[in-house]
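> From the sequence below, what's the structure:
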Amino acid sequence: MEYKFSFSYLANGSYKTASCENDDFSLNVQESENGLKVVLEPKTDIRINSFFASRDYDFAEDAKFFANGFQSWTDSREFTRSERMPGLGLVGKSLFGKIFGLNNVGDYNFVEGEKEAGKFHAHSLAYVRNGNTLDFFGSLTDRTGYTIIYADMNNNTLAFSKDLEGAVISEPYEILDLVFIKGEYDEVFDKYFSALGVKPLTDEKIKGYTSWYNYYQNISEEIILRDLESLYEHKEFVNTYQIDDGYQTAVGDWFSINAEKFPNGMKPLVDAIHEKGFTAGLWLAPFGAQRGSKIAKEHPDWLIKNSKGKPIPVGANWGGFYALDIYNEDARNYIKSVFNEVLNVWGFDLVKLDFLYAASIIPMYGKTRGEIAYDAIDLLRECVGDKKILGCGVQQMPCFGKVDFMRIGPDMALWWKHNLLRKNMHREDVSTPNALHNSIYRRCFNGRAFLCDPDVFLLRRTNIKFTPEQQKLIGKFIKLFGGVLFMSDNVAEYDAQQLAVFEDILTDNAKILAINETNNKVFIDYEQEGKTDVLKFNVLDGSIY
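Just a heads-up that it's a prediction; the model follows:
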């Protein structure tokens with residue numbers, strides 16, 4: 001295989017471009033049909049601005065390219081040559097988007113978006129599918145920097161790049177370490193994760209309740225205890241009860257519990273959950289600091305800042321928020337103290353850790369974004385110890401074998417269609433179609449890297465816009481694809497029919513046999529209790545066939 005290399009870099013005070021080794025560096029390239037490894041051997045200090053290794057690849061007319069997205073919420077699916085990859089929407093690009101840092105939610109600051117159909121990019125891994133056969137391309141590590149895989153189906157090329165912004169290379173540096181595998185779906189991913197040496201931390205599914213998708217931040221002690229009591233009536237089907245966002249006075253001020261809503265604090269709730277025999281889970285955004293929060297006001301030195309010394313906004317949630325610098329010793333100690341309180345004083349068994357992308361929005365201290373992302377996950381694993389982590393809003397590869405459970409798609413909406421406003425935000429925004437697509441095409445991670453969280457099923461009839469038929473279908477979908485099976489309903493409000501669906505979803509007796517998608521029409525063949533059936537629906541509008 002012949003590769004063309006392209007470098008843009010800074011050395012000895014000058015910006016330079018090169019297509020091969022020169023007086024500044026040499027390349028140690030090991031290539032074969034099964035992989036590509038590139039080590040840069042500098043002869044002087046080098047800062048790489050961009051790097052590409054490109055090769056010819058003959059895309060068949062009906063080939064499909066799987067583009068794994070940047071983080072949990074980024075849309076991830078197979079594309080055909082006639083499709084165009086979405087980018088940052090008009091709202092994301094607007095003054096509103098800039099004020100709230102919507103560009104920092106995804107890869108928009110370091111990957112140039114595709115402007116035409118047939119061109120795509122993927123993070124860490126990708127494949128080209130021809131019928132049932134996959135040509136797979138995967139990174140063996142992104143710790144030195146994010147690996148980005150580009151497909152140009154119009155000009156029949158593949159390119160492999162590395163986000164090395166921020167790194168000063170003064171000694172031999174591994175730029176790429178890729179493995180190429182050809183085969184059918186399960187065969188390919190079994191071999192890939194074997195090559196990575198990664199195994200999941202658990203094989204036990206979590207099933208139960210999370211407060212978010214009914215009450216959002218409008219939770220209280222009364223609601224939590226009421227829904228807990230209702231769920232206990234069906235204890236044989238569930239094992240976990242999770243309190244989500246809304247208990248704290250501000251994101252970042254984790255020791256400041258909203259006394260009006262939770263007058264007795266958190267420990268009595270944990271005790272009540274344990275008395276029912278359930279695992280107690282709690283939502284946290286450990287790297288987040290809400291604008292107006294006490295932590296942001298009193299400790300501005302703890303926040304990640306731009307070159308002008310200003311805190312960088314990293315999202316619009318809660319009226320906007322910033323990110324903690326995990327290399328600031330005081331901020332790091334604060335994060336550790338929060339986990340000690342949550343896990344050892346309050347007594348929670350599982351933490352859902354959200355908005356984790358925020359820790360690595362820019363290169364810092366000579367480290368690339370990828371290196372920071374790995375350091376952030378390592379810090380969290382150290383803090384949590386042998387208790388459980390459900391990761392969310394985070395890059396996938398740094399979490400392989402490090403978290404127990406992982407959200408692999410965006411939040412579902414309380415309706416099906418992805419509306420116009422949402423389409424103009426960013427690729428990571430709330431979307432039921434994207435949540436379903438991500439679950440289908442990231443199923444490769446389930447039971448190999450962690451157990452996948454495809455998001456919730458909801459069966460209630462109030463405060464929701466799904467039809468009962470759509471609710472039942474999504475429930476079956478979650479059953480088939482999920483290692484995390486959560487709902488957010490007060491089960492006491494279910495009628496007999498809803499209870500039957502609820503119990504079916506939470507019973508482990510179904511498996512996927514085959515998946516096909518054509519023109520957004522999805523067909524999932526599955527087996528349950530010795531009988532075969534098919535889920536047939538349009539992923540974009542929720543039509544059921």
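
> May I see the buried residues of the helix or strand hosting Ser230?
Assigned by DSSP states H and E, Ser230 belongs to helix 221-232. For helix 221-232, a neighbour-count test (16 or more other C-beta atoms under 10 Å) marks Glu221, Ile223, Ile224, Asp227, Leu228, Ser230, Leu231, Tyr232 as buried. (C-beta placed from N, C-alpha, C; glycine too.)

> From the contact counts, what lies against that helix?
Counting contacts by 3 or more C-beta pairs under 8 Å, 6 or more residues apart in numbering; DSSP states H and E, helix 221-232 is packed against strand 206-210, strand 240-243, helix 267-275.

> So what's the residue count around Gln528?
For Gln528, the neighbour count with other C-beta atoms under 10 Å is 15.

> Identify the residues contacting it.
Contacts for Gln528 (C-beta atoms under 8 Å, 6 or more residues apart in numbering) come out as Asn509, Ala510, Lys511.

> Can you name the residues bridging to it?
Assessed by DSSP bridges, Gln528 has beta-bridge partners Ala510, Lys531.

> returning to what we had before: pick the one among the buried residues of helix 221-232 closest to Asp495.
Within those, the smallest distance to Asp495 is 13.6 Å, found for Ser230 (C-beta to C-beta).

> SS state for the nearest residue to that closest one once chain neighbours are set aside?
Once flanking residues are discounted, Ser230 sits nearest to Ala492: 3.9 Å by C-beta to C-beta, 6 or more residues apart in numbering. Here Ala492 is helix, with the state taken from DSSP: H, G, I helix; E, B strand; the rest coil.

> I figured Ala492 hits Leu228, correct?
No - at 10.9 Å, Ala492 does not count as touching Leu228 under the criterion of C-beta atoms under 8 Å.

> Closest to the centroid, which residue in this protein?
Ser72 (1.3 Å; C-alpha atoms, centre = their mean).

> Am I right that it is in a strand?
No - Ser72 is assigned coil when assessed by three-state DSSP, not a strand.

> Any chance of a PyMOL selection covering the buried ones in the contacts of Gln528?
A single PyMOL command selects the buried members of the contacts of Gln528 (16+ other C-beta under 10 Å):
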select buried, resi 510
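
> low pLDDT regions in the stretch 251-400 of the chain?
Scanning the stretch 251-400 of the chain for pLDDT under 70 picks out no residues.

> which residues of it fall in strands?
For the stretch 251-400 of the chain, applying DSSP state E, counting those that start in this stretch gives strands covering 279-284, 288-290, 321-323, 350-353, 388-391.

> Please identify the most buried of those.
strand 321-323 (a mean of 29; mean count of other C-beta atoms under 10 Å).

> hang on, the earlier thing: residue contacts, the residue nearest to Ser230?
The neighbourhood of Ala492, defined by C-beta under 8 Å, 6+ apart, consists of Arg226, Glu229, Ser230, Glu233.

> separation between it and Phe66?
42 Å (C-beta to C-beta, to the nearest Å).

> now swap in Asp177 and tell me
On the measure of C-beta to C-beta, Asp177 and Phe66 end up 20 Å apart.

> Between those two, point out the one with more neighbours.
Phe66 (23 against 18).

> between the contacts of Ala492, which is nearest Ala117?
Ser230 (49.5 Å).

> Could you report the pLDDT at that closest one?
What the model reports as pLDDT for Ser230 is 98.

> which residues touch it?
By C-beta under 8 Å, 6+ apart, the contact list for Ser230 reads Asn490, Val491, Ala492.

> Apply 10 Å and report the result again.
The neighbours of Ser230, taking C-beta atoms under 10 Å, 6 or more residues apart in numbering as the test, are Tyr209, Asp489, Asn490, Val491, Ala492, Glu493, Tyr494.

> Look up how far Phe7 lies from the residue nearest to Phe450 when sequence neighbours are not counted.
Nearest in space to Phe450, with sequence neighbours left out and distances taken as C-beta to C-beta, 6+ apart, is Met406 at 4.5 Å. Here the criterion is C-beta to C-beta. By it, Met406 lies 34 Å from Phe7.

> Between those two, point out the one with more neighbours.
Between Met406 and Phe7, counted using other C-beta under 10 Å, Met406 has the larger neighbour count: 26 against 22.

> Specify the local secondary structure of that one.
On the basis of three-state DSSP, Met406 is classed as strand.

> Surely it is in contact with Lys388?
No - using C-beta atoms under 10 Å, Met406 is not in contact with Lys388, being 11.7 Å away.

> Lys207 is in contact with Asp508, correct?
Yes - between Asp508 and Lys207 there is a contact at 9.1 Å, judged by C-beta under 10 Å.

> Give me the common contacts of the two.
By the contact definition C-beta under 10 Å, 6+ apart, Asp508 and Lys207 are jointly contacted by Lys479, Leu485.

> Tell me which of the two has more neighbours.
The residue with more neighbours, out of Asp508 and Lys207, is Lys207; 21 against 9, by other C-beta under 10 Å.

> hmm, back to that, please identify, among the contacts of Ser230, the one with the most neighbours.
Using other C-beta under 10 Å as the neighbour criterion, Tyr209 leads the contacts of Ser230 with 26 neighbours.

> I'd like the distance from it to Pro268, if you could.
Remark: distance between Tyr209 and Pro268 (C-beta to C-beta) = 18 Å.

> Check which helix or strand Gly92 maps to.
Assigned by DSSP H and E, Gly92 belongs to helix 90-93.

> Now do the buried residues in that helix.
Val91, Gly92, Lys93.

> by contact count, what packs against that helix?
helix 95-100, helix 420-423 (3 or more C-beta pairs under 10 Å, 6 or more residues apart in numbering; DSSP states H and E).

> average pLDDT for the first one?
Per-residue pLDDT values across helix 95-100 average out to 95.

> just the last one next, same as before
Model confidence over helix 420-423, given as mean pLDDT, is 80.

> counting contacts, what elements does that helix pack onto?
Packed on helix 420-423, when contacts are counted by 3+ C-beta pairs under 10 Å, 6+ apart, are helix 90-93, helix 432-441.

> got the residue ranges for the helices in this protein?
90-93, 95-100, 185-196, 212-215, 221-232, 267-275, 294-298, 329-339, 369-384, 420-423, 432-441, 468-481, 496-505 (DSSP state H).

> do you know which of those lies nearest Met153?
Across these, Met153 has its closest neighbour in helix 432-441 (17.4 Å, C-beta to C-beta).

> ok and that closest one relative to helix 468-481, angle-wise?
Orientation of helix 432-441 against helix 468-481 (axes from the mean of the first three to the mean of the last three C-alpha atoms, to 10 degrees) gives an angle of 30 degrees.

> okay, helix 432-441 in PDB with CA atoms only?
Output in PDB follows, covering the C-alpha atoms of helix 432-441 (Å, rounded to 0.1, in the frame of the first residue of the first chain):
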ATOM      1  CA  THR A 432     -34.400  10.600  19.200                       C
ATOM      2  CA  PRO A 433     -33.400   9.600  15.600                       C
ATOM      3  CA  ASN A 434     -29.700  10.100  16.400                       C
ATOM      4  CA  ALA A 435     -30.000   8.200  19.700                       C
ATOM      5  CA  LEU A 436     -31.500   5.200  17.800                       C
ATOM      6  CA  HIS A 437     -28.900   5.400  15.000                       C
ATOM      7  CA  ASN A 438     -26.000   5.600  17.500                       C
ATOM      8  CA  SER A 439     -27.300   2.500  19.300                       C
ATOM      9  CA  ILE A 440     -27.400   0.600  16.100                       C
ATOM     10  CA  TYR A 441     -24.000   1.500  14.800                       C
END
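
> Quick check: buried residues in that helix?
Residues Thr432, Pro433, Asn434, Ala435, Leu436, His437, Asn438, Ser439, Ile440, Tyr441 are the ones in helix 432-441 that count as buried (16+ other C-beta under 10 Å).

> now swap in stretch 420-433 and tell me
By neighbour count on 16+ other C-beta under 10 Å, the buried set for stretch 420-433 is Arg422, Lys423, Asn424, Met425, His426, Arg427, Glu428, Asp429, Val430, Ser431, Thr432, Pro433.
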